[in-house]
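K.L.:
the following block contains a protein sequence and its predicted model.
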Amino acid sequence: MTEATSLLLPVIESSVNEPMTIALVGNPNAGKTTLFNVMTGLRSKTANYPGTTIDHRQSTIVLDGTPHQLIDLPGAYSLEGLSPEEEVTRDVLLGKLGAKEGPDAILLVLDATHLTRNLVFASQVLELGKPTLVALNMIDEAERDGLQIDIEQLQAELGCDVVSISARYGRNLDALTQRLGALMRRESKAAPCASAAVCGGCGGCQYASRYRWASDLTHRSVQDSFGERTRVGESIDRFVTHRWFGLGCFALLMAFTFILIFWLAAFPMEFLDSMFALSAQWVGAWLPEGNLQSLITEGLIGGVGGMLVFLPQIFILFFMITLLEDSGYLARAAFVMDRLMYRVGLPGKAFVPLLAAHACAIPAVMTSRVIDDRRDRLSTILIIPLMTCSARLPVFAMVVALIFPGNALMAGLTFAGAYAFAIIAALLISFVFRRTILPGKTKALVIELPPYRVPSLRNALTTSIDQSWLFIYKAGTTILVFSLILWFLATFPKTEPGALPPVWQDRLAQAEQTGGTEAYQIALAQAQSEYSIAGRMGKFIQPIFAPLGFDWRLSVGVINSFAAREVIVSTLAVLYGAGDEESGLLGSLQQATNVHGERIFTVPTCLSLLIFYIFAMQCFPTLVVIRKELKTWSWPAFQFGYMTLLAYVSAWVTFQVSSYLIERY
């Protein structure tokens, strides 16, 4: 390797008071997002660049009285674009995405406890020639581990200012802000960039050369006063990464998470449910009877409100997952699960997209690009939609609450069981595929376990709020449109009481005798809904789903949810008249009966519906993305076919067996 050449980082050529763009970049788990949250608070907004599904967040920060745009780019290990996230980060830095030709400056976050790996990425970023400030994060953990880092040595060799900080505890953030302001005022020093020693600054060197340079720089800049790292983390790892104890620990943590979800979310869910029910009553009393009243109370409040009731569970789920990720445990979970995944024919790298699929299958399918082997990638894509995504959460929560009303322990265990059942089923299906249509060997997982850290509550809170807003946005757009369309289909045409079949005539008369005018109106609304456009459609397709225990309204919900799984909740809220009930959505479903007065949502029906949604594809956008990734419709068609067949047969077996057991015992 040659001696360091004199490559000077340029200064910003613009007016001092002109707003500019600062890109926040770094390795995954380097604390980049935590730093962004601390610098911006909760003022950020989530978006994605045109043509991508990768989220980034941006916010305005004020430096020396001048507002600048701070963009939190996805974490990356290199600028070679080995994953969709890295492609977005690379293209933004190179000016290939967005309106501008790249950011005006870069705030580069390095993990002080893993300096060598972070410096490999830093060498590529510095070679872009952008004005750069380095934030050496987690300095407190490095010092606790006995590491002494020579900041001046790093500054001299990197050719830019370096500020040691702890984003989690707010250490030295004022100094970081001052240095960043100086950089934007063109006062930052320009020194020789030692990363140019890697390959003369052209940016085309191999990874081995970069790693060798980063390792040498770390050796020159870091002293380990303890002689070895603390052994506490290794002691914990002997348990949580054990072949058997590790699986048990993972199962217990997941069960605890879901029990906590139901226990903590019980009060806010009941509050929201009652608020929407009261809102429907208040609006219904204020508006004159007629179609407008029905549209607002049933279509708008009943449909959208029935979905938003599950917002607290969405929030708590992402809060817990973020805490587990920040603590360093999820990487251990990947290590533990890799042994099982390898045996069933899944590559080690598949854990990342499979984990991402628990949020949404669409970005998970795109994240599968990190898998090099096409057969391995195809086997992963074929089971990604089986992972329990956040869209299934409202469906699962609704069904489990119907089976175990008021019992958070049993509800949480059932919920965790549904997640576990989906994972086990996906692994078994992958095992079958590997021995039939996709034979071949798989590659083992190579992963670096991050150190254990105290998770950031601020980061978990911010992530949960972001995901909750996305959920609210979807409820306010897609769900709202479907709810209003469905209200129209379920309302018109209105059949006169005298034109109804004799069975409904008898039920109307009985309702009027026992419950008066109010009971008569409720029964009449149910009858008219059954003979509306939606009702006739449901009656037409209901024989297909009758063996699963579904009535015509559930059948309509299943068909509608192909656009988005969670649409079934708003569909049922409209069709079962949640906007008219004091007890809200769950109360409406618990009280729902058929024309013979029999309860619809029995335990066998609920279990059948739960199993159906564990396996069913029910997501057309996911199929479109899979087609785009695989460049063919044959595999998406096969995937839709096998998942639909599996869902139907499994739900049928569940309904028949559970019905038999309940009748017998």
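P.N.:
Right, received. Where do you want to start? Predicted, not measured: the structure shown is a model, and the values here were computed from it.

K.L.:
longest strand of the chain?
P.N.:
Identified as the longest strand of the chain according to DSSP state E is strand 55-63.

K.L.:
now the element after it, going C-ward?
P.N.:
strand 66-72 (DSSP states H and E).

K.L.:
buried residues in stretch 409-419?
P.N.:
For stretch 409-419, a neighbour-count test (16 or more other CB atoms under 10 Å) marks A411, G412, L413, T414, F415, A416, A418, Y419 as buried. Glycine gets a C-beta too; all of them are placed from N, C-alpha and C.

K.L.:
dump the residue contacts of the first one.
P.N.:
For A411, the contact set (CB atoms under 8 Å, 6 or more residues apart in numbering) comprises F262, V400, A401, I403, F404.

K.L.:
rerun at 6 Å
P.N.:
F262, V400, F404 (CB atoms under 6 Å, 6 or more residues apart in numbering).

K.L.:
go through the residues you listed and name the one nearest D111.
P.N.:
Lowest distance from D111 to those (CB to CB) belongs to F262, with 35.8 Å.

K.L.:
quick one on the thing from earlier: what about the longest strand of the chain, average pLDDT?
P.N.:
In this model, strand 55-63 carries a mean pLDDT of 83.

K.L.:
same question for stretch 572-581.
P.N.:
Taken as a whole, stretch 572-581 has a mean pLDDT of 66.

K.L.:
in this structure G412 contacts L260, no?
P.N.:
No. Applying CB atoms under 6 Å as the test, G412 and L260 come out as separate, 7.3 Å apart.

K.L.:
in the stretch 51-200 of the chain, which spans are strands?
P.N.:
55-63, 66-72, 105-111, 132-137, 147-149, 162-164 (DSSP state E, counting those that start in this stretch).

K.L.:
just to revisit the earlier point, and the buried residues of stretch 409-419, which of them are in helices?
P.N.:
A411, G412, L413, T414, F415, A416, A418, Y419 (DSSP state H).

K.L.:
where does T436 sit: helix, strand or coil?
P.N.:
Put simply, T436 is coil when judged by DSSP: H, G, I helix; E, B strand; the rest coil.

K.L.:
T40: which of the ones in helices among the buried residues of stretch 409-419 is nearest?
P.N.:
Nearest to T40 out of these is Y419 (CB to CB; 33.0 Å).

K.L.:
what count of nearby residues applies to the nearest residue to the closest one once chain neighbours are set aside?
P.N.:
Leaving aside its chain neighbours, Y419 sits nearest to T388 (5.0 Å; criterion: CB to CB, 6 or more residues apart in numbering). Counted with other CB atoms under 10 Å, the neighbours of T388 add up to 21.

K.L.:
quick one: secondary structure of T388?
P.N.:
Per three-state DSSP, T388 ends up coil.

K.L.:
that one against F421, yeah?
P.N.:
No. Taking contacts as CB under 6 Å, T388 lies outside contact range of F421: 9.1 Å.

K.L.:
phi and psi next, for A30.
P.N.:
Here is the backbone geometry of A30 (degrees, to the nearest 10): phi -90, psi 0.

K.L.:
who touches it in this structure?
P.N.:
A30 neighbours (CB under 6 Å, 6+ apart): V109, D111.

K.L.:
ok, 7 Å please
P.N.:
V109, L110, D111, N118, N137 (CB atoms under 7 Å, 6 or more residues apart in numbering).

K.L.:
how far away is the first one from N118?
P.N.:
Remark: distance between V109 and N118 (CB to CB, to the nearest Å) = 8 Å.

K.L.:
which one's more surrounded, these two?
P.N.:
Comparing V109 with N118 by other CB under 10 Å, the one with more neighbours is V109, at 27 against 23.

K.L.:
run a quick neighbour tally on the closest residue to the more buried one other than its chain neighbours.
P.N.:
Nearest residue to V109 in three dimensions, chain neighbours excluded: G26, at 3.4 Å (CB to CB, 6+ apart). Neighbour count of G26, defined by other CB under 10 Å: 27.

K.L.:
surely G26 touches K32?
P.N.:
Yes. At 4.1 Å, G26 counts as touching K32 under the criterion of CB atoms under 7 Å.

K.L.:
need phi/psi at T436.
P.N.:
Backbone torsions for T436, taken as degrees, to the nearest 10, come to phi -130, psi -80.

K.L.:
circling back: narrow the contacts of A411 to those in helices?
P.N.:
Per DSSP H, the subset of the contacts of A411 in helices is F262, V400.

K.L.:
would you point out the helix or strand in this protein whose mean pLDDT is lowest?
P.N.:
strand 45-48 (a mean of 54; mean pLDDT, DSSP states H and E).

K.L.:
where do the helices sit along the stretch 51-200 of the chain?
P.N.:
Here the stretch 51-200 of the chain has its helices, by DSSP state H, counting those that start in this stretch, at 84-93, 115-126, 139-144, 151-158, 173-184.

K.L.:
which ones are touching the residue nearest to R435 when sequence neighbours are not counted?
P.N.:
Nearest-residue entry for R435: G345, 7.6 Å, with adjacent residues in sequence omitted and distances by CB to CB, 6+ apart. Counting by CB under 7 Å, 6+ apart, G345 touches S379, S430, F431, R434, T442.

K.L.:
what about the strands in the stretch 501-650 of the chain?
P.N.:
According to DSSP E, counting those that start in this stretch, the stretch 501-650 of the chain contains no strands.

K.L.:
is it true that Q313 touches I261?
P.N.:
Yes. Contact criterion CB under 7 Å: Q313 and I261 qualify, at 5.2 Å.
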